[in-house]
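A.B. asks: let's see this in three dimensions:
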Amino acid sequence: MPTKDLMLRRQQQRERMARWRARNPARALAQALASNRKSRAADPERYRIYAREYRLAHLTSCPSCGQPKGATAKFCRHCQKGPRSSRWKGGTCLDRGGYRLVRAEGHPRASSKGRYVREHILVMEKRLGRYLYPNERVHHKNGKRDDNRSANLELWIVSQPAGQRVVGILAWAKEIVALYGG
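C.D. replies: Prediction:
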């Protein structure tokens with residue numbers, strides 16, 4: 001048996017919901033239709049028409065391109081990318097490995113989507129004044145992957161795979177000397 005306190009709280013909650021439904025009749029109807037799957041199944045055409053009218057009634061135009069957008073959104077879904085996004089953090093983020101990523105569209109080492117590059121690579125390329133070669137890697141001296149100070153980075157060259165003949169290794173060494181000077 002519920003206590004009087006619990007019964008009073010339930011009554012107050014019902015009253016609050018009734019006031020909310022009175023203030024927001026369209027949203028209340030949408031919520032009722034969404035929560036009651038039987039009414040949706042009983043009259044799917046009515047639900048489809050109502051849902052379309054509800055969406056159209058709450059659309060406004062995007063200030064950037066004029067396309068339709070939701071009433072609470074600042075921009076449409078096409079314009080709400082990059083700096084205009086509410087989740088924008090200046091174009092930097094951390095990947096799963098702990099490396100800091102920087103937005104650099106069109107960079108040769110950009111991610112598969114072509115937007116982000118690890119920051120330590122960009123710092124080393126700026127220091128060298130050129131893009132890194134495919135066999136070059138950037139190493140963090142102190143082991144901290146998000147410490148991308150120029151003084152903490154050093155350039156490593158990926159060595160030849162194991163099992164190479166001496167002649168092949170000597171030829172590779174000559175290429176390295178010719179490439180980097182020596």
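A.B. asks: what's the average pLDDT for the host helix or strand of residue 27?
C.D. replies: Assigned by DSSP states H and E, residue 27 belongs to helix 25-35. Throughout helix 25-35, pLDDT has a mean value of 68.
A.B. asks: does the residue positioned nearest the centre of the chain belong to a helix, a strand or coil?
C.D. replies: Centroid check for the chain by Cα atoms, centre = their mean gives residue 87 as the closest residue, at 8.3 Å. On the three-state scheme (DSSP: H, G, I helix; E, B strand; the rest coil), residue 87 is labelled coil.
A.B. asks: dump the residue contacts of residue 141.
C.D. replies: Contacts for residue 141 (Cβ atoms under 8 Å, 6 or more residues apart in numbering) come out as 152, 153, 154. Glycine gets a C-beta too; all of them are placed from N, C-alpha and C.
A.B. asks: what's the burial count for the first one?
C.D. replies: Using other Cβ atoms under 10 Å, residue 152 is surrounded by 15 other residues.
A.B. asks: and if you look at the second one?
C.D. replies: Neighbour count for residue 153, taken as other Cβ under 10 Å: 19.
A.B. asks: look up how far residue 132 lies from it.
C.D. replies: From residue 153 across to residue 132, the span is 11 Å (Cβ to Cβ, to the nearest Å).
A.B. asks: any shared contact partners between the two?
C.D. replies: 124, 138.
A.B. asks: about what we covered before: of the contacts of residue 141, closest to residue 128?
C.D. replies: residue 153 (10.6 Å; Cβ to Cβ).
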